[in-house]
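Undergrad: Coordinates for the following, if possible.
(one chain, ligands or ions: 1)
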Amino acid sequence: MAVLVSGGGTNLQALLDALRDSPVARIDRVVSNRADAAALARAGRATVRTIVLANPDDPAEIVAAVGHARLVVLAGYLKRIPAAAVARLKWRVINIHPALLPAFGGPGMYGLRVHEAVLASGAARSGATVHYVDEEYDRGPIIAQWPVPVRRDDTPATLAARVLEVEHRLLPLVVEELARRGVPPEPVKLSFEEKGIHD
Ligand code: GRF
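TA: The predicted structure follows:
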């Protein structure tokens, strides 16, 4: 797979760690729109090839950068994938979002803003969502979710930390299961109840 990143790369690290000895899934390359993304250093330490995009809005460059990867994982990648690249890579690009989509997604909903919005809404639960990427931000079919409780004394930072912890567990589970299934050509919905994912 190819992993696309823009920032710190803790989800990338979770994938690197979880898939180190995986018989089904391997991180072939890490692609970033930012040369200074800390995630690139994580890839380097794991001796995974890194690519920095010159123009992340160029669909041909994105398609070339992911190469022959069967699966493309957006792990904290903050740019929109251009529509022509989405069309070429249909149902092969997935994203992790730090809330229970379809709520609290869309343009501008990233980082602490997501958790601020969840707290402002009074929602009792938040969580992590892995979904397919289509032409709209955070709108593609949902693959799997992992809920966490929202606590009365939460701040955006404490809620973010609780969600991030489950992101790091959910993303490798989804990636390995999709790989095990040969990256299906149509959207699939996965459930990991046996792994203890529940309210
Ligand atoms: C995560 O919260 C992820 O859900 C969102 O961006 C954040 C990336 O964090 N898309 P990291 O770079 O993986 O640490």
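Undergrad: Find the closest residue to the ligand in this protein.
TA: Using CB to the nearest ligand atom, the closest approach of the chain to the ligand is made by G76 at 2.7 Å. C-beta: built from backbone N, CA, C; applies to glycine.
Undergrad: Go ahead and report the secondary structure state at that residue.
TA: coil (DSSP: H, G, I helix; E, B strand; the rest coil).
Undergrad: ok, it touching A14?
TA: No: with contact taken as CB atoms under 8 Å, G76 and A14 are classed as non-touching, separated by 11.0 Å.
Undergrad: For this protein, which residues are neighbours of the ligand?
TA: In this structure, the chain approaches the ligand at residues 7-12, 39, 75-76, 96-98, 164, 167, judged by CB under 6 Å from any ligand atom.
Undergrad: Tell me how many other residues crowd S22.
TA: S22 sits with 15 neighbouring residues when counted by other CB atoms under 10 Å.
Undergrad: My error: substitute L53 in the last question.
TA: In terms of burial, L53 registers 18 neighbours under the definition other CB under 10 Å.
Undergrad: Make sure it is actually in contact with A65.
TA: Yes: L53 sits in contact with A65 when judged by CB under 8 Å, with a separation of 6.1 Å.
Undergrad: any idea how far the residue nearest to the spatial centre of the chain lies from A128?
TA: Taking CA atoms, centre = their mean as the criterion, I96 is the residue nearest the geometric centre of the chain, at 2.8 Å. Counting by CB to CB, to the nearest Å, the gap from I96 to A128 is 6 Å.
Undergrad: shared neighbours of the two, which are they?
TA: 167, 170-171 (CB atoms under 8 Å, 6 or more residues apart in numbering).
Undergrad: In strands, which of those residues fall?
TA: Applying DSSP state E to those, no entry is found in strands.
Undergrad: Among those residues, name the ones in helices.
TA: When DSSP state H is applied, these are split such that 167, 170-171 fall in helices.
Undergrad: Now tabulate these in JSON lines and tack on neighbour count, pLDDT and distance to P156.
TA: Putting these into JSON lines (neighbours: other CB atoms under 10 Å; pLDDT from 0 to 100; distance: CB to CB, whole Å) gives the following:
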{"residue": "E167", "neighbour count": "23", "pLDDT": "98", "distance to P156": "15"}
{"residue": "L170", "neighbour count": "26", "pLDDT": "98", "distance to P156": "20"}
{"residue": "L171", "neighbour count": "25", "pLDDT": "98", "distance to P156": "21"}
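Undergrad: Looking at the residues you listed, which is nearest Q145?
TA: Taking CB to CB as the measure, L170 is the one of these closest to Q145, at 7.8 Å.
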